[in-house]
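Engineer: Sequence first, predicted coordinates after that:
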Amino acid sequence: MEWLNVTAEQGLGGLFLASFLAATVLPGGSEAVLWGFLKMHPEQASTAIFLATLGNTAGGMTSWACGRYLPRWQRLDQLPHMHHLQRWGSPALLLSWLPLLGDALCVAAGWLRLNWLACCLFMAAGKFARYWVVAQAV
C-alpha cells in the first residue's frame with residue numbers, strides 16, 4: 001500500500017487528470033479518485049472539488065469541440081433524444097455528469113453549434129454539484 005502514500009500536490013494533479021479523462025469518451029470514474037483523495041487529504045476539499053470540476057469541464061468541452069468539428073453531414077440528428085437537446089439547449093448540459101449520456105450530450109451540443117460559453121457554464125455547474133455531493137459523503 002506504499003503506492004497510496006502521495007502528497008496532496010501529486011494527488012491533486014492526478015485528480016485533475018483523472019477528471020479530465022473521465023469526461024472524454026475514455027472510461028473512468030473520477031468520483032472514486034476524488035473520494036480517495038479526500039479520505040487522505042480532507043483539508044484540501046475546496047481545492048480538490050475545484051480541480052475536479054475544472055478538469056471534468058475541460059474534458060467535456062473537448063467532447064463539445066469534437067462534436068463542433070464533425071461534418072454536418074453526419075447523421076447525428078438521428079440520435080435518440082437529440083430533439084430534447086435541441087429543445088432545452090445548453091441548460092441540458094447540467095446533466096453532462098451522467099455516465100455515457102453526458103459524453104453524448106457534450107458531443108451533440110457541439111454538433112448543434114450551441115453557444116460554447118453557455119455550454120461550458122452549465123456543464124461546470126452540473127459537474128460541480130456532483131463533486132460537491134461526493135465530497136459531502138466523505
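Structural biologist: In hand now; what should we look at?
Engineer: From now on I want contacts and neighbour counts done on CA atoms only, so please keep to that.
Structural biologist: Will do.
Engineer: any idea how far A58 is from Q44?
Structural biologist: Distance from Q44 to A58, counting by Cα to Cα, to the nearest Å: 21 Å.
Engineer: Have a look at the two and say which one is more surrounded.
Structural biologist: Set Q44 next to A58 and count neighbours by other Cα atoms under 10 Å: A58 wins out with 21 against 14.
Engineer: ok, for that one, nearest residue in space, not its chain neighbours?
Structural biologist: Excluding its sequence neighbours, the residue lying closest to A58 (Cα to Cα, 6 or more residues apart in numbering) is F20, at 6.3 Å.
Engineer: do you know how far that neighbour is from P91?
Structural biologist: Using Cα to Cα, F20 is found at 21 Å from P91.
Engineer: more neighbours, those two?
Structural biologist: Per other Cα under 10 Å, whichever of F20 and P91 has more neighbours is F20, with 25 against 18.
Engineer: Double-check that one against G59; I have them as touching.
Structural biologist: Yes: with contact defined as Cα atoms under 8 Å, F20 reaches G59; the gap is 4.6 Å.
Engineer: so how far is L70 from M61?
Structural biologist: Counting by Cα to Cα, the separation of M61 from L70 is 14 Å.
Engineer: Compare those two and say which is more crowded by neighbours.
Structural biologist: Neighbour count, other Cα under 10 Å: between M61 and L70, M61 has more, with 26 against 14.
Engineer: looking at it, the more buried one is touching F122, isn't it?
Structural biologist: No: look at M61 against F122 with Cα under 8 Å: they stay out of range, at 11.1 Å.
Engineer: Spatially central residue for this structure, please.
Structural biologist: Closest to where the C-alpha atoms of the chain average out (Cα atoms, centre = their mean) is N56, at 3.4 Å.
Engineer: next SSE after the helix or strand it falls within?
Structural biologist: If you go by DSSP states H and E, N56 is part of helix 45-68. Following helix 45-68 in sequence order, the next helix or strand is helix 82-88 (DSSP H and E).
Engineer: Quick one: mean pLDDT for that following helix?
Structural biologist: Helix 82-88 shows a mean pLDDT of 77.
Engineer: and that helix, what other elements does it pack with?
Structural biologist: helix 101-111 (3 or more Cα pairs under 8 Å, 6 or more residues apart in numbering; DSSP states H and E).
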